[in-house]
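Chemist: okay, predicted coordinates and the sequence, questions at the end:
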Amino acid sequence: MPLAGFTYKDTMTTHRTTPEHAAVAGWVGLDADNEVTVVPVVDRRYGVEGGGSVYARPTYADSLIICERYGAQMIEPSDVERIREIGVPLVCYLGTPTAETSLHHSKLHDADMHRQLTKLDWQGDQVVMNLLKWWMHSAPAGRSRLKGWWDWNRKKYWQPDMVAHNREHFDDGTGLMMKRPRRTALAGDGEVVAISEIPPPSSGGDTLPSIEVPWLDPELLHRERVVLWLEAQIAAGVKEIPNGSNNSPVIGPWLRKCVRDGKGPAFGRYLEKAGANWCAATRCEAIDATRIDGDLDAGHLYRCSGIELEKDTKANGWFRPVELALTGEWKPELGDGVLLPRGKPGGWQRHVATFIGWAGDGRIQTIDGNKGNRIQTWEYGLHELLGFFEMPSRTPRHNYRGVSPELPDEIDDLNDGENAIS
């Protein structure tokens with residue numbers, strides 16, 4: 001059973017912090033020349049029960065981008081030693097035996113950190129030691145480097161300075177501490193002083209300078225933010241690399257988030273490595289990447305197969321068969337999902353897109369992932385569709401309830417590979 005304040009949704013949500021979600025809570029002096037973040041970079045989307053931020057879990061590659069935006073760099077191994085000397089001495093949280101990637105595990109870790117800080121009456125004016133392991137400056141090309149988690153009893157690091165992963169790795173135990181040249185002078189007696197106080201989590205911390213993220217605008221409906229995000233992916237030229245691989249450095253992490261009933265985390269890791277049809281994952285990532293406080297659940301889990309989305313939305317009351325649109329009894333709106341048949345007639349395979357408007361003559365306009373090996377706009381006639389996924393709202397636009405389809409055995413043959421997932 002999840003602990004109080006932790007939801008089933010947390011266990012199913014992969015916690016990876018991209019640059020637009022990262023924020024700095026405050027800076028504090030490290031030495032005469034440099035300042036560091038008082039705590040690791042935080043994730044502006046989440047908090048823990050009782051107050052306190054959830055800390056960011058960025059990849060090494062994304063950490064480089066975050067550092068650039070703040071005019072900073074990752075800390076170095078010698079900085080860790082300095083933080084150990086002057087920092088608030090927390091005890092490492094080693095509550096999970098292996099590296100995990102769910103929001104649930106991040107919150108477990110961070111809740112324990114906030115508990116310790118509260119007990120120590122920390123006021124945000126002193127750097128903190130042992131709050132996550134940290135990415136280190138100057139990793140070899142294509143690799144990452146990390147250090148941290150000092151064991152006060154054994155007098156050694158659980159994670160010594162080492163090159164360990166590729167640059168797309170992230171987990172619940174690794175975060176980002178940054179340093180930059182001091183922007184204020186030392187106190188007269190040379191004391192290392194706090195440069196800015198940590199704000200309450202609701203304020204979001206320092207905003208990323210000159211960065212606008214329209215798909216996180218709270219003035220917009222979630223459906224509108226979904227379409228803005230998809231349009232941004234088109235503008236960024238997201239596509240398969242190499243062409244025809246069903247994968248890329250961008251697409252792979254989306255596939256990693258995918259879940260399948262009866263399968264564990266290895267399922268997503270396999271998809272990320274091997275590649276898979278990714279139209280459904282694009283839809284799921286669009287919803288996940290644009291989610292802010294107050295948004296409803298998607299009506300389905302994060303899936304890699306259209307028939308799984310169909311099953312989920314029928315079970316949860318958000319599927320709308322195309323017949324409702326053909327008769328005018330129900331009409332799609334911006335951001336609703338679109339479901340089409342794919343493969344042999346009458347088969348189980350599906351294609352997933354997102355509705356963005358009408359093209360005339362009863363045709364709809366969509367944005368599709370995995371269309372021509374990229375994300376692009378398309379048009380379809382209503383007669384080509386199976387139905388729609390209505391974006392959940394507090395006032396559903398129809399009360400249709402369908403019978404969820406059974407998943408065919410072949411689904412694993414096409415998405416897992418032979419005996420790939422247990």
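Modeler: Happy to help now that I have it. Numbers count the residues shown, from 1 in each chain.
Chemist: got the buried residues for stretch 118-131?
Modeler: Buried residues in stretch 118-131, counted by 16 or more other CB atoms under 10 Å: Trp122, Gly124, Asp125, Gln126, Val127, Val128, Met129, Asn130, Leu131. For every residue, glycine as well, the C-beta is placed using N, CA and C.
Chemist: I figured the second one hits Gly26, correct?
Modeler: Yes. Counting by CB atoms under 8 Å, Gly124 does reach Gly26; the two are 6.1 Å apart.
Chemist: using PDB, write out every CA atom in the lengthiest helix in the chain.
Modeler: In the chain, assigned by DSSP state H, the helix with the most residues is helix 103-119. Extracted C-alpha coordinates of helix 103-119, given in PDB (Å, rounded to 0.1, in the frame of the first residue of the first chain):
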ATOM      1  CA  LEU A 103       7.600   9.600  -9.000                       C
ATOM      2  CA  HIS A 104       6.600   7.500  -6.000                       C
ATOM      3  CA  HIS A 105      10.200   6.600  -5.200                       C
ATOM      4  CA  SER A 106      11.300  10.200  -5.700                       C
ATOM      5  CA  LYS A 107       8.700  11.300  -3.200                       C
ATOM      6  CA  LEU A 108       9.700   8.600  -0.700                       C
ATOM      7  CA  HIS A 109      13.300   9.900  -0.800                       C
ATOM      8  CA  ASP A 110      12.400  13.600  -0.700                       C
ATOM      9  CA  ALA A 111       9.900  13.200   2.100                       C
ATOM     10  CA  ASP A 112      12.600  11.700   4.300                       C
ATOM     11  CA  MET A 113      15.000  14.500   3.400                       C
ATOM     12  CA  HIS A 114      12.400  17.100   4.400                       C
ATOM     13  CA  ARG A 115      11.700  15.300   7.600                       C
ATOM     14  CA  GLN A 116      15.400  15.400   8.500                       C
ATOM     15  CA  LEU A 117      15.700  19.100   7.600                       C
ATOM     16  CA  THR A 118      12.700  20.000   9.700                       C
ATOM     17  CA  LYS A 119      14.100  18.100  12.700                       C
END
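Chemist: now the helix or strand that it is followed by: average pLDDT?
Modeler: Helices and strands here follow DSSP states H and E; after helix 103-119, the next one along the chain is strand 128-129. The average pLDDT for strand 128-129 rounds to 96.
Chemist: chain center to strand 128-129, what's the gap?
Modeler: 25 Å (CA atoms, centre = their mean, to the nearest Å).
Chemist: so where's the stretch 101-250 of the chain uncertain?
Modeler: Scanning the stretch 101-250 of the chain for pLDDT under 70 picks out the ranges 184-213.
Chemist: please parse this protein into its domains.
Modeler: 8-200, 215-415 (automatic domain parsing).
Chemist: name the helices or strands packed onto the longest helix of the chain?
Modeler: helix 8-12, strand 42-47, strand 53-55 (3 or more CB pairs under 8 Å, 6 or more residues apart in numbering; DSSP states H and E).
Chemist: before we move on, back to that, what's the farthest-apart pair in the buried residues of stretch 118-131?
Modeler: Largest separation among the buried residues of stretch 118-131 by CB to CB: Asp125 and Asn130, giving 17.7 Å.
Chemist: how many residues are close by Cys304?
Modeler: 27 (other CB atoms under 10 Å).
Chemist: host element of it?
Modeler: Using DSSP H and E, Cys304 falls outside every helix and strand.
Chemist: surely it touches Gly275?
Modeler: No. Using CB under 8 Å as the test, Cys304 is too far from Gly275 to be in contact (10.5 Å).
Chemist: what residues of stretch 65-73 count as buried?
Modeler: For stretch 65-73, the neighbour count (16+ other CB under 10 Å) marks Ile66, Cys67, Arg69, Tyr70, Ala72, Gln73 as buried.
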